[in-house]
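Enquirer: Predicted coordinates and the sequence they were generated for:
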Amino acid sequence: MLTLALSKGRIFEETMPMLERAGIRVKENPETSRKLIIETSHPDLRIIIVRASDVPTYVQFGGADLGVAGQDVLIENGFEGLYVPIDLGIAKCRMSVAVKQGFDYASAVKKGARLKVASKYVQIARDHFATKGVHVDLIKLYGSMELAPLVGLADAIVDLVSTGSTLKANFLEEVEQIQEISAHLIVNQAAHKRQRASMQEFLDAFAAAASPN
Ligand SMILES: Nc1ncnc2c1ncn2[C@@H]1O[C@H](COP(=O)(O)OP(=O)(O)OP(=O)(O)O)[C@@H](O)[C@H]1O
Ligand SMILES: O=P(O)(O)OC[C@H]1O[C@H](OP(=O)(O)OP(=O)(O)O)[C@H](O)[C@@H]1O
């Protein structure tokens, strides 16, 4: 039996069609069921439902053999113990820097100002500003990052952007794109070595269903 870790919401919704293309049906809908372990129509595959940011942890420590996680979560978590074989091309968005409309980010950077940056993605933010040579004070948040510049908590945020409508609704603007993000299949390295044959069927199914960039 192999265990696949998924998070509720867009990762689950966008992974389902991939499994269905391989003829695998999931027996419960996590949006309506309270169950955290869900059987599939495949006798050798079950799904566990965890927080998006916990998917790499479950896979890394063997609580799951496989998982689907965004690159944002992977970069923040680190890749230790993980094999990342397939860019699934789902949950596509980008990691960006955003500021309050009217804040002159370019000249603040040019002047060498020290910026207060709020983000859930502190590792990505730290690396980005270090590469640019910009001094920042990082403020770790767990959600609603868009609020931080509006109430004076931060000059800028580092967050995911897709349509841009969340930024627009909160009078923010995207001033820098850090990187494109999509969800990847991740595999426990030890499980991959041990169970290569039984895993290959699922790796092939995901590879066939993936639509990478
Ligand atoms: N607006 C978006 N459009 C497309 N993909 C997105 C968007 N926002 C996030 N994602 C991607 O989908 C993944 C899962 O996002 P989701 O919103 O389900 O979890 P989360 O709320 O960020 O995680 P957690 O519950 O752990 O805080 C993210 O890690 C990211 O890779
Ligand atoms: O550019 P947009 O299309 O508006 O998407 C961007 C929003 O999407 C993500 O939030 P998400 O939708 O995951 O909100 P949630 O974490 O509250 O579910 C992200 O944190 C942004 O707030």
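Expert: Thanks, I have the structure now. Numbers count the residues shown, from 1 in each chain. Ligands and ions are numbered 1, 2, ... in the order given.
Enquirer: Pull out the buried residues from the helix or strand hosting Val84.
Expert: Assigned by DSSP states H and E, Val84 falls within strand 82-100. The neighbour-count check on strand 82-100 (16 or more other CB atoms under 10 Å) flags 82-84, 86-100 as buried. Every residue, glycine included, has its C-beta placed from N, CA and C.
Enquirer: Enumerate the beta-bridge partners assigned to the spatially most central residue of the chain.
Expert: The centroid of the chain falls nearest to Gly70 when counting by CA atoms, centre = their mean (2.5 Å). In this entry, Gly70 is beta-bridged to Ala183, by DSSP bridges.
Enquirer: you'd agree it is up against Ala183?
Expert: Yes - between Gly70 and Ala183 there is a contact at 5.0 Å, judged by CB atoms under 8 Å.
Enquirer: which neighbours do those two share?
Expert: Shared between the contact lists of Gly70 and Ala183 (criterion: CB atoms under 8 Å, 6 or more residues apart in numbering) are residues Ile11, Ala91.
Enquirer: does Ala208 count as helix, strand or coil?
Expert: At Ala208 the chain is in helix, as set by DSSP: H, G, I helix; E, B strand; the rest coil.
Enquirer: which residues touch it?
Expert: Shown in contact with Ala208 (CB under 8 Å, 6+ apart): Arg21, Ala22.
Enquirer: Next one: it relative to ligand 2, how far apart?
Expert: Look at Ala208 and ligand 2: by CB to the nearest ligand atom, to the nearest Å, they are 28 Å apart.
Enquirer: how deep is His184 tucked in, by neighbour count?
Expert: 25 (other CB atoms under 10 Å).
Enquirer: How about Gly81?
Expert: Neighbours of Gly81 using other CB under 10 Å come to 17.
Enquirer: Read off the pLDDT value for the residue of the chain found nearest ligand 1.
Expert: With CB to the nearest ligand atom as the measure, Gly70 is the residue of the chain nearest to ligand 1, at 2.0 Å. With respect to pLDDT, Gly70 has a value of 98.
Enquirer: got it, and Ser211?
Expert: If you check Ser211, the pLDDT there is 81.
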